[in-house]
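Trainee: Dropping the sequence and predicted coords here.
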Amino acid sequence: MSNREDGDLRILGRGRPRPQGIRLHPPFQPGPAQLAELRVDFGKLREYLDGVELPPAAAGRLTELTEVLTALLDPGWVAEILAQDPEGVHALSRAVRQDVPEAVDTFVRTRWWTRLAPGTEPPERHLERQLTVLQEESDRLAAALRETEARRQESHTRYLEDRGRSQ
């Protein structure tokens, strides 16, 4: 029996059947509302971070990271470019909503336990390593957005030059 005769199945892409009635959704496209929600969550995260005592090296790394995150989340043209990059929004959301809070919270909890069991690896080392990785990730996102704008500028330059030659 073919899929056409079977009424319950349809063929989509690469010949794989899917049950009738299951809808395919377009890829997630973030918009201003999602970035606004992320800004609110980032504000809450910053309030939480302000109340946490960190060692100087980790505090410095966290400051650098939050500066990049702040710049990426600032309303305006950067947010407009970011909103066109679903993977970038996802990475930023994951950093704000999961990775940074988890890194700091586990540091605080592990530090407490380390006081009870001295001689173990200092939790500061892990926190610094985690914040370094997150900083590198956010720097890569900023670099990708910068590259997008550089390509846009180069494209416009070529357009203007080509237009000038054709006149």
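Mentor: Nice, I can see it.
Trainee: Can you classify Val108 as helix, strand or coil?
Mentor: helix (DSSP: H, G, I helix; E, B strand; the rest coil).
Trainee: ok, the nearest residue to it once chain neighbours are set aside - how many residues close by?
Mentor: Spatial nearest neighbour of Val108, chain neighbours left out: Val52 (6.2 Å); criterion: C-beta to C-beta, 6 or more residues apart in numbering. Placement of C-beta: from N, CA and C, glycine included. For Val52, the neighbour count with other C-beta atoms under 10 Å is 13.
Trainee: Now do the SS call for Val52.
Mentor: Recorded secondary structure, Val52: coil (three-state DSSP).
Trainee: That one touches Pro101, doesn't it?
Mentor: No. Between Val52 and Pro101 there is no contact under C-beta atoms under 8 Å: 10.2 Å.
Trainee: same question for the helix or strand encompassing Leu160, mean pLDDT?
Mentor: Per DSSP states H and E: Leu160 is located in helix 123-166. Taken as a whole, helix 123-166 has a mean pLDDT of 92.
Trainee: Tell me the confidence at the residue nearest to Val108?
Mentor: 94.
Trainee: again with the one 10 residues further on
Mentor: Note on Leu62: pLDDT of 97.
Trainee: That one is in contact with Gln130, isn't it?
Mentor: No. If you go by C-beta under 8 Å, Leu62 and Gln130 don't touch, sitting 10.1 Å apart.
Trainee: tell me which residues in stretch 111-124 are buried?
Mentor: Buried positions in stretch 111-124, judged by neighbour count with 16 or more other C-beta atoms under 10 Å: Arg111, Thr114, Pro123, Glu124.
Trainee: what number of residues lie near Val100?
Mentor: By other C-beta under 10 Å, 24 other residues sit near Val100.
Trainee: Give me the residues contacting the helix or strand containing it.
Mentor: In this structure, Val100 sits in helix 100-116 according to DSSP H and E. Helix 100-116 is contacted from outside by 45, 48-49, 52, 54, 58, 62, 65, 120, 122-124, 126-127, 130-131, 134, using C-beta atoms under 8 Å, 6 or more residues apart in numbering.
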